[in-house]
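[1] no sequence for this one, just the structure:
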């Protein structure tokens, strides 16, 4: 007789806790998916930022480093004036000038 009550109690507890466990599992999977999506976005953003810097660095190495060393830092206003001035002398395209500005002012 005690075995029947014990079996009934286990079945009742299983019926109560199974939906709770399924809900927790679904929430955990949703949180994991959101984390993966956020991680992918951050990776893509970092990759595009790195691409911009490497593109500007490439422009600097190909054109500016013939006569200049990389500056320690200019204000955005000064570097914009210098890039516009040197764009004419070095025959840089508008795209290369923008990438160079991104490299000089990260």
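    Looks like it arrived, so ask away. Worth saying up front: this structure is predicted, and the values here are computed from it rather than measured.
[2] list the buried residues in whichever helix or strand residue 98 is part of.
    For residue 98, the element it lies in under DSSP states H and E is helix 94-104. Neighbour-count burial for helix 94-104, counted by 16 or more other Cβ atoms under 10 Å, picks out 96-104. Every residue, glycine included, has its C-beta placed from N, CA and C.
[3] other residues contacting stretch 67-86?
    With Cβ atoms under 8 Å, 6 or more residues apart in numbering as the contact definition, stretch 67-86 has outside contacts at 60, 64, 92, 97, 100-101, 104-105.
[4] tell me the mean pLDDT over that stretch?
    Averaged across stretch 67-86, the pLDDT comes to 85.
[5] check the gap between residue 97 and residue 61 for me.
    Note on residue 97: its distance to residue 61, by Cβ to Cβ, to the nearest Å, is 15 Å.
[6] let me fix that, I meant to ask about residue 77.
    Residue 77 is 24 Å from residue 61, where distance means Cβ to Cβ.
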